[in-house]
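Asks: Would you be able to build a 3D model of this:
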Amino acid sequence: MRLSRLDNDIIDKLIFTGMSKNLAKTLVILSKREETTSVQVEKATGLRQPEVSLAMQELRRRGWVTKRDIKKEGKGRPVHAYRISKSFSRIVSTIKKQEDKKIERMVRNMNELRSLTK
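Replies: Predicted structure coming up:
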């Protein structure tokens with residue numbers, strides 16, 4: 001699976017909100033699949049393993065992604081499967097609320113600045 005033009009447009013919009021590129025790419029890939037592994041995200045996004053791991057940690061911290069351990073025979077690191085824990089539209093709504101708050105703070109700040117410089 002590769003990123004489509006629409007996916008890249010969504011990623012650009014997420015980045016414009018202040019989200020990191022790696023986080024945006026990872027989130028978009030996760031939104032397109034029922035469940036995926038870090039290796040699959042790496043292949044789809046062109047990100048390196050540490051970048052995907054950091055993005056997954058942040059998405060889990062925000063409560064947007066859950067992790068499931070996949071039992072593996074033999075030795076080596078365990079494999080984890082990830083899935084979105086909220087609908088993508090709900091995540092976008094959360095981001096919109098955060099952006100609305102930023103706008104409110106900027107408007108309030110500009111009004112205060114204007115009143116201080118009169």
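Asks: C-alpha from now on. contacts and neighbour counts both.
Replies: Fine.
Asks: chain center to the longest helix anywhere in the chain: distance?
Replies: The longest helix of the chain (DSSP state H) is helix 88-116. Relative to the centre of its chain, helix 88-116 is centred 20 Å away, using C-alpha atoms, centre = their mean, to the nearest Å.
Asks: tell me which residues of it are tucked away?
Replies: 88, 91, 95 (16 or more other C-alpha atoms under 10 Å).
Asks: wait, which of those is closest to Leu47?
Replies: Phe88 (21.1 Å; C-alpha to C-alpha).
Asks: Is it correct that that closest one is in contact with Arg33?
Replies: No: using C-alpha atoms under 8 Å, Phe88 is not in contact with Arg33; the gap is 11.3 Å.
Asks: about what we covered before: out of the buried residues of helix 88-116, which comes closest to Ile10?
Replies: Looking across the buried residues of helix 88-116 and measuring by C-alpha to C-alpha, the closest to Ile10 is Phe88, at 11.3 Å.
Asks: residues in contact with that closest one?
Replies: Applying C-alpha atoms under 8 Å, 6 or more residues apart in numbering to Phe88 gives the contacts Ser31.
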